[in-house]
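Chemist: sequence and computational prediction follow.
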Amino acid sequence: MNNDEPGARIHSTDPFAVPDAGKSPVRRLRGRFAAPVTIWTTPGPSGLTVSSTVVADGDPGRILGLIDEESDFWDAAAQAGRFAVVPLTPADRQLADRFAGLMPSPGGLFAIGEWQETPYGPVPAGAATWAGCRLESNRECGWALLVEGVIESTTFPGDAAPLVHYRGRYTELT
């Protein structure tokens, strides 16, 4: 297809992405930090892709994440008081996009793939790692809520390389 012809085109980049010149300096700085791609799920179920996640060691250990206050996930997590956090792998790119609302999800977020029910929320049946967390607190932080959870349970049935978000794209460690 010639670029001058009308019709659908496949782009090598996100055609809706804001160019660097249109982003605030803070957003440009954030984009230069590699971040793990995770999904957070709750009983109900509900879920959300989250790449602004930090694990803090201690007694008890804690997990912190920036969550969209208007997301269905936040409503469900606030009601349930608990959630699961699953680090994704390079094989989970479509799952990440589905939970981010970037890809259609006919039948709902959990209609595709196999899921294991847990007291904290569903996790993908083949997840290499996941944590069950009790909601501890939240507060406004920039554009989002800073959500803090106490890690009550960890599961490590396998080991897999992480999916990473860097400069607006998924990548993996090599």
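Modeler: Good, I have the coordinates.

Chemist: shaky segments in this structure?
Modeler: Scanning the chain for pLDDT under 70 picks out 1-20, 23.

Chemist: all strands of it, in order?
Modeler: Remark: strands assigned in the chain by DSSP state E are 35-36, 38-42, 46-50, 53-56, 62-67, 82-87, 115-116, 123-124, 130-141, 144-155, 163-166, 169-172.

Chemist: count residues in the vicinity of residue 95, would you?
Modeler: 22 (other C-beta atoms under 10 Å). To be clear about C-beta, it is placed using only N, CA and C from the backbone, and glycine gets the same treatment.

Chemist: for it, what are its contacts?
Modeler: Residue 95 makes contacts with 39, 88, 113, 124, as judged by C-beta atoms under 8 Å, 6 or more residues apart in numbering.

Chemist: quote the end-to-end distance of stretch 153-164.
Modeler: Terminal residues of stretch 153-164 lie 23 Å apart, using C-alpha to C-alpha, to the nearest Å.

Chemist: hmm, who's touching that stretch?
Modeler: Counting by C-beta under 8 Å, 6+ apart, 34-37, 87-93, 96, 120, 126-132, 170-173 sit against stretch 153-164.

Chemist: so which bits of the longest helix along the chain are buried?
Modeler: Looking across the chain with DSSP state H, the single longest helix is helix 72-80. Neighbour counts over helix 72-80 (16 or more other C-beta atoms under 10 Å) mark 73, 74, 76, 77, 78, 80 as buried.

Chemist: ok, stretch 43-56 next?
Modeler: 43, 44, 45, 46, 47, 48, 49, 50, 51, 52, 53.

Chemist: and the closest residue to the fourth one other than its chain neighbours, what does it touch?
Modeler: Right, residue 46. Nearest residue to residue 46 in three dimensions, chain neighbours excluded: residue 76, at 3.7 Å (C-beta to C-beta, 6 or more residues apart in numbering). Neighbouring residues of residue 76 by C-beta under 8 Å, 6+ apart: 42, 43, 44, 45, 46.

Chemist: no further questions, thank you.
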